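Asks: Sequence and predicted model, in that order:
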Amino acid sequence: MNDNTQNVLSMQNVVMQFGGVRAIDNLSLDVNKGEIVALIGPNGAGKTTAFNCITGIYTPTSGMVSFNGKNLKGNSPDEITRLGIARTFQNIRLFSNLTVFDNVLIAKHLRAKDNVFTATLRLNHAEEKRMREETAQLLKEQGLYELKDEIASSLPYGLQRHLEIARALATQPELLLLDEPAAGMNPQETQELTDFIVKIRDQYKLSIFMIEHHMDLVMQISERIYVLNFGKLIAQGTPDEIQSNPEVIEAYLGGSEDA
Amino acid sequence: MGPNRMINKEKRRNCICTLILIAAVLGICGFLEANKYSYSYAISIIERSMVYAVVAVSMNLVNGFTGLFSLGQAGFMALGAYVTAIFTIPVSQRASVYYISGINPVIAGIQLPIIVALILGGLVAAGVAALIGFPVLRLKSDYLAIATLGFAEIIRACIAAPQFDTITNGSYGLKSIPGFTNIFQPLALSVICIGLMVLLINSSYGRMFKAVREDEIAAEAMGINLFKTKELSFVISSFFAGVSGGMLAMFMRSIDSKTFQVALTYDILLIVVIGGIGSVTGSVIGAFIVTAGREILRFFDEPLMLGGVQVPLFRPGFRMVIFSILLMIVVLFYRKGLMGTNEFSWNGIFDFFKHPFKKKSKKMEGKA
């Protein structure tokens, strides 16, 4: 860790074992403030498992995950979101039968100061008003305001991805984890997403850690890349270093798995 | 200007319609109350429907809005009913109620006002639900259903147990429970209970319940504590189930543990499913349809003579066959219940009459 960069996320020697399978084997990595970092690797390499270890869905068998210097061990997923880590999912997980507005509004409740009595009896109008205003503001910034009354599942695929990111932003995160944000997108949509990720990083002062298979996207915007294969870190470095790394090429092209 | 004026016009129309509806309900109730001796049968159907509406909405809160398949309603109703009954039976009549094993001296002299007893019944049900919630809410879907069903039976068995004879009067049940003195009492109680649940459902907490229903993992990722949210929904639902149990005790005026068998839970589930899982108005409408339907179909139980020949099917029990067939038809053709997840709205009604053949009007989709 340099003196002039602030370390946001750090994984140290993380092992995640399921029975006899080591899904993640001794993984160490860092994400610094304001960085866009990518985690790549063939299918089944353990990338999403790494995300699940960070967000508290799994508790690592050993090793440490820390966020802004705080050890995350023992924190449940909702507590970790509260601390400032938001995520999206590989297969979109929206609240499908609710409106676009409600999807984002639900995320806003995280920082609400009310309880079930004041909320039910409408004793705390200011809080509800604040949540609604912030939601409207965020939807306007994201260009989704016109769609606010649409049911989430009725949106086209690309917009569902966009809404999922907007919903993650509504939790006011410092670190955003994107799990294959470009999955299922065509080259033009991928290009738009690339610009979009850089834009939200700057606009909301985020650090972004993403899993992605689209190499165009990864190579364009990542400052650093980690490569995972069979749960082990096989390379790390800048996009240029990764592209010329023989082990990475081997993992992607020479191995028995299809990337 | 144009669309704004349209909306204002619609608002005024809806307001007028709502006032007319309220006036109609009060008018009908007033009429029935004024002629209560000639309409006692109708009054009893309506009162029972009101009680069932409260418990159906409470079940919908857990099953329809939070997505927890819980079947413990009858158990919580039993708790509410017994607490209400024990504390409202007039002290002077207790000796004749507990004539077999006597009454526990601790409760012998305590008589509470009906409202206090109802709330106490709700609180006892909620407290028990809070305890049960710790183990069972970690389960999902069918497993949760079986566990809650089991706990409801345990509650019922405890009530009937001879060890509690001096409190619950065991298998002899309780009688001489002061009933409703007029139809406006159950009306007011059920309006208040359902109103509170509607406010909850439309509050930020209600949105959290729906988030848990839609996707637990995403809800957690949005900072929602799954267990706390489920527990909250379960406890609040049980509170209102307890209150409705107390109302049922007042309606029936005598209860015993058999009243609260699993069959009662199935009745409530039936109402919720017929009305639409995730629709409050659906549950209310369902409560009236199911309760009234059972009674109206009674003529199928009477022997029927057609041209001097007795139609063989018409005999006691045939009513339930017809009733079951009707239910199957409803479930087959309205797969999501009569209301689906929609709520009643005047706009929905008027749109329906304007375009009766359009499958789904946009305004009906408004509130999920």
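Replies: Happy to help now that I have it. Numbers count the residues shown, from 1 in each chain, chains lettered A, B, ... in the order given.

Asks: From here on, just use CA atoms for contacts and neighbour counts.
Replies: Will do.

Asks: Please identify which residue in the stretch 51-200 of chain A comes closest to chain B.
Replies: The minimum distance from the stretch 51-200 of chain A to chain B, using CA to the nearest CA, falls at A:Asp78 (3.8 Å).

Asks: Provide a list of residues in contact with that residue.
Replies: B:220-225 (CA atoms under 8 Å, 6 or more residues apart in numbering or on different chains).

Asks: 10 Å instead?
Replies: Applying CA atoms under 10 Å, 6 or more residues apart in numbering or on different chains to A:Asp78 gives the contacts A:55-57, A:85-86, A:110, B:217-226.

Asks: can you pick the most crowded of those?
Replies: Counting neighbours by other CA atoms under 10 Å in any protein chain shown, B:Met222 leads the contacts of A:Asp78 with 32 neighbours.

Asks: ok, it to chain A distance?
Replies: Remark: distance between B:Met222 and chain A (CA to the nearest CA, to the nearest Å) = 5 Å.

Asks: Can you pull the phi/psi pair for that residue?
Replies: Per-residue torsions, B:Met222: phi -90, psi 10 (degrees, to the nearest 10).

Asks: ok, it - contacts?
Replies: A:77-82, A:85-87, A:103-104, A:106-110, A:167-171, B:208, B:211, B:216.

Asks: Put the alpha carbons of stretch B:295-314 into CSV.
Replies: Taking C-alpha atoms only, stretch B:295-314 is exported to CSV below (Å, rounded to 0.1, in the frame of the first residue of the first chain):
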residue,chain,number,x,y,z
GLU,B,295,-74.4,-20.5,4.1
ILE,B,296,-76.1,-19.6,0.8
LEU,B,297,-75.4,-23.0,-0.6
ARG,B,298,-77.3,-24.6,2.3
PHE,B,299,-80.3,-25.4,0.1
PHE,B,300,-78.3,-28.1,-1.6
ASP,B,301,-78.4,-30.0,1.7
GLU,B,302,-82.2,-30.0,1.7
PRO,B,303,-84.1,-32.7,-0.2
LEU,B,304,-85.3,-31.5,-3.6
MET,B,305,-88.4,-32.8,-5.4
LEU,B,306,-88.5,-32.4,-9.1
GLY,B,307,-91.8,-33.6,-10.8
GLY,B,308,-92.5,-35.9,-7.8
VAL,B,309,-89.1,-37.5,-7.9
GLN,B,310,-86.5,-36.8,-5.3
VAL,B,311,-83.2,-35.8,-6.8
PRO,B,312,-80.8,-38.2,-5.3
LEU,B,313,-77.8,-35.9,-4.9
PHE,B,314,-79.6,-33.3,-2.7
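
Asks: how about it: buried residues?
Replies: Across stretch B:295-314, burial judged by 16 or more other CA atoms under 10 Å in any protein chain shown covers B:300, B:304, B:314.

Asks: and if you look at stretch B:16-33?
Replies: Buried, per 16+ other CA under 10 Å, within stretch B:16-33: B:29, B:32-33.

Asks: Stretch A:94-111 now?
Replies: For stretch A:94-111, a neighbour-count test (16+ other CA under 10 Å) marks A:94-110 as buried.

Asks: same check, this time on stretch B:136-155
Replies: Neighbour-count burial for stretch B:136-155 [16+ other CA under 10 Å]: B:136-137, B:139, B:144-153, B:155.

Asks: One more: stretch B:40-50?
Replies: Using 16+ other CA under 10 Å as the test for burial, stretch B:40-50 gives B:43, B:45-50.

Asks: Contacts for it next, please.
Replies: If you take CA under 10 Å, 6+ apart as the criterion, stretch B:40-50 is touched by B:29, B:32-33, B:35-37, B:52-53, B:56, B:180, B:182-191, B:244, B:247-248, B:251-252, B:284-296.

Asks: swap the cut-off to 8 Å and go again
Replies: B:32, B:36, B:183, B:186-187, B:190, B:248, B:251, B:284, B:287-288, B:291-292, B:295.

Asks: so whichever residue of the stretch 151-300 of chain B sits closest to chain A, which of the three states?
Replies: The minimum distance from the stretch 151-300 of chain B to chain A, using CA to the nearest CA, falls at B:Gly223 (3.8 Å). With DSSP: H, G, I helix; E, B strand; the rest coil as the basis, B:Gly223 sits in coil.

Asks: what does A:Ile24 give?
Replies: On the basis of three-state DSSP, A:Ile24 is classed as strand.

Asks: what do you get for B:Asn182?
Replies: coil.

Asks: Likewise for B:Ile107?
Replies: Here B:Ile107 takes the helix state, with states given by three-state DSSP.

Asks: what are the ranges of the strands in the stretch 101-250 of chain A?
Replies: Secondary structure of the stretch 101-250 of chain A by DSSP state E, counting those that start in this stretch: the strands cover A:175-179, A:207-211, A:224-229, A:232-237.

Asks: Adding mean pLDDT and distance to chain B, write the ones you listed out as TSV.
Replies: Below are the strands of the stretch 101-250 of chain A laid out as TSV (pLDDT from 0 to 100; distance: least, CA to the nearest CA, whole Å):
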stretch	mean pLDDT	distance to chain B
strand A:175-179	94	11
strand A:207-211	94	16
strand A:224-229	92	24
strand A:232-237	89	26
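
Asks: CSV for those strands, including distance to B:Ile159 and mean neighbour count?
Replies: Below are the strands of the stretch 101-250 of chain A laid out as CSV (distance: least, CA to CA, whole Å; neighbours: other CA atoms under 10 Å in any protein chain shown):
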stretch, distance to B:Ile159, mean neighbour count
strand A:175-179, 53, 24
strand A:207-211, 57, 25
strand A:224-229, 60, 23
strand A:232-237, 60, 18
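
Asks: So for A:Ala45, which of the ones you listed sits nearest?
Replies: Comparing those against A:Ala45 with CA to CA, the closest turns out to be strand A:224-229 (4.7 Å).

Asks: could you pick out which of the buried residues of stretch A:94-111 are near chain B?
Replies: Applying CA under 8 Å from any CA of the partner chain to those, one finds that A:94-98, A:102, A:106-107, A:109-110 fall near chain B.

Asks: Out of those residues, which sit inside helices?
Replies: A:102, A:106-107 (DSSP state H).

Asks: From those residues, pick the one nearest B:Ile100.
Replies: Using CA to CA, those come closest to B:Ile100 at A:Ile106, 55.9 Å.

Asks: how about that closest one, what does it touch?
Replies: By CA under 8 Å, 6+ apart, the contact set of A:Ile106 is B:204, B:207-208, B:211, B:222.

Asks: Can you give me the domain boundaries for chain A?
Replies: A:1-84+A:174-259, A:95-172 (automatic domain parsing).

Asks: Including pLDDT and distance to A:Leu72, could the buried residues of stretch B:16-33 go into TSV?
Replies: Output for those, formatted as TSV (pLDDT from 0 to 100; distance: CA to CA, whole Å):
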residue	pLDDT	distance to A:Leu72
B:Cys29	89	60
B:Leu32	89	64
B:Glu33	86	64
